[in-house]
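> Kindly generate the corresponding structure for this input.
(chains A, B and C)
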Amino acid sequence: MSEQHVVITLTEIGKDFPDPANPKGAPRPALHSISAGIRTGVITGLVGPDGAGKSTMIRLMAGLLKPTRGTVRTLGMDPIGEAEALRHRIGYMPQKFGLYEDLSVQENLNLYADLRGVLGEERRVSFARLLEFTALQRFTERRAGRLSGGMKQKLGLACALLGQPRVLLLDEPGVGVDPISRRELWKMVEDLARSGLAVLWSTAYLDEAELCDEVLLLNEGQLLFDGPPKSLTDKVKARCMHVFGIEGNRRQVLKRALDQDEVMDGVIQGRNVRILLRDSEKHPDLARLGAGPDAGIRNVAPHFEDGFIDILGGGPGGESVLAERLTQIPLDGAVVIEAQHLTKQFGDFTATDDVTFKVTRGEIFGLLGPNGAGKSTTFKMMCGLLTPTSGTAMVAGYDLKRSGSAARQQLGYMAQKFSLYSTLSVRQNLDFFSGVYGLYGAKQRAAVEEMTEVFNLAQFLDAAPDTLPLGYRQRLALACAIMHEPSILFLDEPTSGVDPVTRREFWTHINGIVEKGVTVMVTTHFMDEAEYCDRIGLVSAGELIATGTPDDLKEMVAGGTRDDPTMEDAFILLVQQHAEERARTAKAA
Amino acid sequence: MTTPEASQNEPRLPGTGGVRGFMRRLHALCWKETLQTVRDPSSVLIAFILPVVMIFIFGFAINLDSTRINIGLVLEDNGVEAQRFASSLEGSPYLNLKRGTRKEMERAMMDERVRGFVIVMQDFSKRLEHPGEVTAVQVVTDGTEPNIAVFVENYARGAWQSWLGQRSLARGEEMPPDIQMEARYWFNPAAESRNYIIPGSITIIMTVIGALFTSLVVAREWERGTMEALLATPVTRTELLLSKLLPYYVLGILSLLLCVAVSVFVLSVPYRGSIVMLVAVSSLFLLSALGVGLLLSTLLRNQFNAAQAALNAAFLPAMMLSGFIYEIASMPHFLQIVTYILPARYFVTSIQTLFQAGDILSLLWRDMLYLFLAGAFFIGLSFYHTKRRLDD
Amino acid sequence: MFHRIRTLIIKELQTLLRDPEGRRFLILPVLMQLCLFPFVTMEVRHNTLGIMNHDDGPISAELIQRFSQARAFEKVVWIKSEHELKETVEQQKALLVLRFPSDFSRTLEAGKSPSLQVVLDGRRSTTGQVAMGYIADILQDYSMERAQARGAVTAGSPPLTSLVVRHWFNPNLDFTWYILPSLVAIITTIGALIVTSLSIAREREQGTFDQLLVSPLTPGMIMLGKAIPAIIISMSQGTVIFLAAVFVYQVPFSGSVFLLYGSMFFYMLSLVGFGLFISSICSSQQQAFLGTFSFMMPAMLLSGYSAPIDNMPQWLQTLTWFNPLRHFIVISKDVFLKNIDVYTVAMHVWPLLVITAITMSMAAFIFRYRLG
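Predicted structure coming up:
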């Protein structure tokens, strides 16, 4: 590793923005007094949930925002006062890539090369190097808008690298990129860092943090941690445990585990329950967990997320107040969601090809797959947003094509970005969604009141949903989806960008709801979300390539050097195997 | 680890500042803008399809020369003179005559089937034979549309006078001396309203596309996140602003020439000015139109609000207050003052002059000066409001 | 079902009215147009009259005196040379120039008909024509007066005939009586269209449209939920204009309020049909805005307000039949001024129903198609 310089220093910086709920009132701080340094030669991860202040911090370093308090020095310069000189030396990739979708790959490169003054021989060499580096040589004529998410990110990176910047600021490069492309992108950035660049990589995925050399952990505008990720995980090293060999219902085990004083946090991981202890010496009483006679406890490797939770003081309890209020639906083992040979074509393109699966009552079924693999097309057909070209989608015993309205009354739906009405207040949203599902009068009022109480929304009733803290927005979205007590719940990437505590709270509710007999179907590309599922359908290139429990999928790829594959390993390998197979059959034919 | 200052000693990168850097970046930005425009179907729609459709609609829809009006004739008298008067009415090229009873015509006017009717009363012919008697022909118009009512009155009067003249001639009577009016329409001998409506409508079209374009392009950069990427490069405020003006200026001139070509070759409106003056005046007007749009979109930064504001601040005033259909001199004084700040007002007179009267420099210079000032004002204001940071 | 639709309506109204900027966009343009448009007319007033008098007789002086008192003219400019004439007309310093030949008074006094040359600016020929009509009236009155003064009625001379003109429903041809009832139709058009077409596009962009589609609402309910608020909003805007017309601008309202509002309802319905149709083919607010504009601009030009429909080529007249604005302008104006009966209103309303049926079913078809 080459010599390391601190090239960006932040001294006691703070940034305020006008309060959207009250533009004339006191501004809301987005960052509180943060001091940190970014070094060359390493990847510094800027980690935190959405709204933590990551983008604000990057923009301050790039001179796109002026700090309210404190000073920023990037490459020794004041990013505002010496902006012109600085802009030649930093590469910045904003969240939405900064690419012109109507322009081809080459044209985008030309534009940024001209703007950054990369000319003549240097230009030729840079283009050749960057195109090779990003493996985009074959696509130079393709419009940026038609590239896949991963390729867009690589092109954005290439554009940011023109002119040989000393500092590379990447704002959430991992968003909208499937794990395979994400690994490639990471490899590229790592090489850059090793060559002596200072790289800042911001992310809401905590698993990415573990790969970074240095981490700045942000939450609600506060810097919670600054240092190598290992020093954070080391703190919880001895406290991460798996409860294995569980007999019976692991959701019940998790719930009971979370109620134990010794347990700080817990999640479901396939057939095991993963817990974080308050004290490495004090194990919970296995008998009280009701995990069965063969159950045991063993130490497992800590994750960055455990450290985060530890700083935050632990996760929420295991009890879902929401679920308690729902009426029990008898678990009769009936098939409530069924896809029969679902096929969807858009012109010549087959988005979903002959997909068949069944989900029984009280199950959590996850659809997992790379971007553009057809997972969201399948999902949309199952909840009636798209009509299949052929095949049938059955929900709660109804064919969606014939009796959509009756079937939809049984559904709850929570969209990716919590699609609530930003133009309505929280109360108006609750009234609206309950009204649309046919609640009115006293019943409606009772339901709204109940949700307000369960999710503790009373203080926000008159605010606009956009101004709510992320966690509350998530609760509101769930409240709107569940108010009419649906028997089936559709969740589209429900917790992306959410902090781990909120995510746990969310899954506590989902687990509770499922125990009450509600069936849940979820799409996700979060591996730890996939672990909560009873069964997973892995979608790739429009086909359902594997179905099974999370552990089944992991076992499919186990063996050789991988004796304990992660969900992500399973995902990547299965998708790659499938792609190779397709290539072989294509060649043979 | 060394101090951050170490990095300051690096050599400057090649080709950064100076005129060459400016030209290179401007060229790159303009080229990007051009490619985007050519590839975006909505800009093609705005630049070429909308103007042509609009000019055809204006050309065909707005005809103020009242070619033919439906009117009723109630002939209660069957005498010779009554018949003669009726045929004089029928002979008018401007009137479509429907005969019927008084009741029928009243009903028809209620239903808008006729715009008025002429009543020749029972003893009209008989009375005419008795010198000294007073007879009258009554004209009833539908006053709910005052313009048309005036036309009905004028045409009926014309027919009535020509009947009087023929009658006098036939009877060898001497007409009382009468003052004859000889009208000369300069520049537009046939007094065809389309000859000035169509050139005037080019003003409206240019206002609309100028406003729509700029409101679209700046907002698009913000919404797609590309503005942020641009701001992080060495691009300057001037380059940014010019790159939003020049390509759309060229596009605007092209669509203007298209409009002029359609007017001249398809709609047969005579054009008497020179191309040089046309381009000169239009350039100044386009800059002010683009300036207004740019200012709105820079201030609002949101496509929807910018477009809606552009509609209210550009299209409607241009339509109503530029003097292209509605005479400015006839407006109340407070409105006349408002029209002085509208660039469209000056362009309407210049382009109508160019089409019909030719290069009347004394008038064009004055308009060009106003347009230049308006353009400079709006562009200057947008320059002032163009941000180089996200929060200033 | 009733409760669900009510929920949708309340949501839509809250969306439109909760945000102060949205409220401003609903009412400010209405007020602005209400303050400006009634003064923008085809009437000719306050113009400048150019006089080029080569005659030194009394008659031209008398006539000039009369012309300068006409309402159409506010100012008189005196022109002495051909050069000045050219400059005056070219630079639009006068609307028209009257040129009295040197023998004007003498010819008339000799019992012959002199001619008066009128030079008009072809760039404003319509205004010029109207002004020339005023001049002709003045000349005719003058001739009559002269004839009467000389006791022209003698045995053997022709009987006196005259043309008696009556303007029904608007005796003084007051333009505001025409403009305000038309504005009831024109201004509300914008509101109704924007509310329907853009609100759907906005829901699409924000993802809430999917929320509606996965709920048990049927497409019909969703469409009603968009239609009714738009009608409520635009009819309230119409009410503002109606009240201003009657109480501020003092336009006499002779017809039935019930008929006006009844037909306004059907008019709004037909606009909502167009709005839904536009939003069914657009996926972004920008497209919806372009679509709305592309509909609204021709609709206004082809409504008969700016130029009479009778003057358009036949094929275009046929096309205007599909323009709801054309029908409602007539209804509003005629209910205001002519007190038309229910049958006459019905005659203008049925095309609106046909238009609604066509656009609504097309919108429904495309919505379904896009789902599939």
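> From here on, just use CA atoms for contacts and neighbour counts.
Will do.
> Next one, pLDDT for whatever residue of the stretch 451-589 of chain A ends up closest to chain C please.
As assessed by CA to the nearest CA, chain C sits closest to A:Ala481 within the stretch 451-589 of chain A, at 9.3 Å. For A:Ala481, the pLDDT comes out at 92.
> tell me the phi and psi of the closest residue to it other than its chain neighbours?
In space, and not counting its chain neighbours, A:Ala481 is closest to A:Gly412: 4.8 Å by CA to CA, 6 or more residues apart in numbering or on different chains. Per-residue torsions, A:Gly412: phi -120, psi 150 (degrees, to the nearest 10).
> What residues are bridge-paired with A:Gly412?
With DSSP bridges applied, A:Gly412 shows beta-bridge pairing to A:Leu489.
> pretty sure it contacts A:Pro486?
Yes: using CA atoms under 8 Å, A:Gly412 is in contact with A:Pro486, at 5.5 Å.
> More neighbours: which of these two?
A:Gly412 (26 against 18; other CA atoms under 10 Å in any protein chain shown).
> Determine how far the host helix or strand of the residue of the stretch 451-589 of chain A closest to chain C lies from the middle of the whole chain.
Assigned by DSSP states H and E, A:Ala481 falls within helix A:470-482. How far helix A:470-482 lies from its chain's middle: 17 Å, per CA atoms, centre = their mean, to the nearest Å.
> what packs against that helix?
strand A:411-414, helix A:426-436 (3 or more CA pairs under 8 Å, 6 or more residues apart in numbering or on different chains; DSSP states H and E).
> Helix or strand next in line after the last one, which one?
Spelled out, it's helix A:426-436. Counting by DSSP H and E, what follows helix A:426-436 is helix A:441-454.
> Show me the shaky parts of the chain.
Going with chain A. Within chain A, the segments meeting pLDDT under 70 span A:1-3, A:20-21, A:23, A:97, A:418, A:560-562.
> if you could check chain C rather than the one you did, that'd help
C:150-160, C:371-372.
> any bit of the biggest helix by length in chain B sitting next to chain A?
The longest helix of chain B (DSSP state H) is helix B:194-223. No: using CA under 8 Å from any CA of the partner chain, we find that helix B:194-223 stays clear of chain A, coming within 9.0 Å at best.
> quick one: which helix or strand includes the residue in the stretch 301-450 of chain A positioned nearest to chain B?
Residue of the stretch 301-450 of chain A nearest chain B, by CA to the nearest CA: A:Thr423 (15.2 Å). Here A:Thr423 sits in a region with no helix or strand, counting by DSSP H and E.
> Could you find the closest non-adjacent residue to it?
Nearest to A:Thr423 is C:Thr15, by CA to CA, 6+ apart, at 5.1 Å.
> count of residues packed around that neighbour?
19.
> Break chain C down into its domains, please.
Taking automatic domain parsing as the reference, chain C has its domains at C:47-149, C:177-371.
> my guess is the residue of the stretch 301-450 of chain A closest to chain B contacts C:Arg18, does it?
Yes: counting by CA under 8 Å, C:Arg18 is a contact partner of A:Thr423 at 7.0 Å.
> The top strand by length along chain C near chain B anywhere?
In chain C, with assignment by DSSP state E, the single longest strand is strand C:160-168. Yes: against chain B, strand C:160-168 shows contacts by CA under 8 Å from any CA at C:Leu160, C:Thr161, C:Ser162, C:Leu163, C:Val164, C:Val165, C:Arg166, C:His167, C:Trp168.
> Stretch A:113-126 spans what distance, first to last residue?
9 Å (CA to CA, to the nearest Å).
> Residue in the stretch 151-300 of chain A with the shortest distance to chain B?
Nearest residue of the stretch 151-300 of chain A to chain B (CA to the nearest CA) works out as A:Gly163 at 8.3 Å.
> what about the residue nearest to that residue when sequence neighbours are not counted, distance to chain C?
Leaving aside its chain neighbours, A:Gly163 sits nearest to A:Val118 (5.6 Å; criterion: CA to CA, 6+ apart). Per CA to the nearest CA, to the nearest Å, A:Val118 is found 36 Å from chain C.
> Mind telling me what element A:Val118 is part of?
Short version: A:Val118 belongs to no helix or strand, going by DSSP H and E.
> That one: neighbour count?
22.
> so it makes contact with A:Gln164?
No: the pair A:Val118 / A:Gln164 is not scored as a contact, 9.1 Å apart, by CA under 8 Å.
> what about the closest residue to chain A within the stretch 251-392 of chain B, distance to chain C?
Nearest residue of the stretch 251-392 of chain B to chain A, counting by CA to the nearest CA: B:Arg389, 4.7 Å away. As for B:Arg389, its distance to chain C is 25 Å (criterion: CA to the nearest CA).
> Is that residue located within a helix, as I assumed?
No: counting by DSSP: H, G, I helix; E, B strand; the rest coil, B:Arg389 is not found in a helix; it is coil.
> Tell me how far the residue of the stretch 451-589 of chain A closest to chain C lies from A:Leu420.
From A:Ala481 to A:Leu420 the distance is 10 Å (CA to CA).
> Between these two, which contacts overlap?
By CA atoms under 8 Å, 6 or more residues apart in numbering or on different chains, A:Ala481 and A:Leu420 have no common neighbours.
> Which members of the residues of strand C:160-168 next to chain B additionally contact chain A?
Counting by CA under 8 Å from any CA, no member of these is near chain A.
> just the buried members of those?
Buried members of the residues of strand C:160-168 next to chain B, counted by 16 or more other CA atoms under 10 Å in any protein chain shown: C:Thr161, C:Leu163, C:Val165, C:Arg166, C:His167, C:Trp168.
> ok, of these, which one's closest to A:Ala583?
The closest of these to A:Ala583 turns out to be C:Trp168 (CA to CA; 84.3 Å).
> Pretty sure the closest one sits against B:Thr141.
Yes: with contact defined as CA under 8 Å, C:Trp168 reaches B:Thr141; the gap is 5.9 Å.
> Where does the prediction get shaky in the stretch 51-200 of chain B?
For the stretch 51-200 of chain B (pLDDT under 70), the answer is B:66-67, B:131-132, B:173-177.
> Let me see the backbone angles for A:Glu11.
Rather than Glu, residue A:11 is Thr. Given degrees, to the nearest 10, the pair of backbone angles that A:Thr11 has is phi -120, psi 110.
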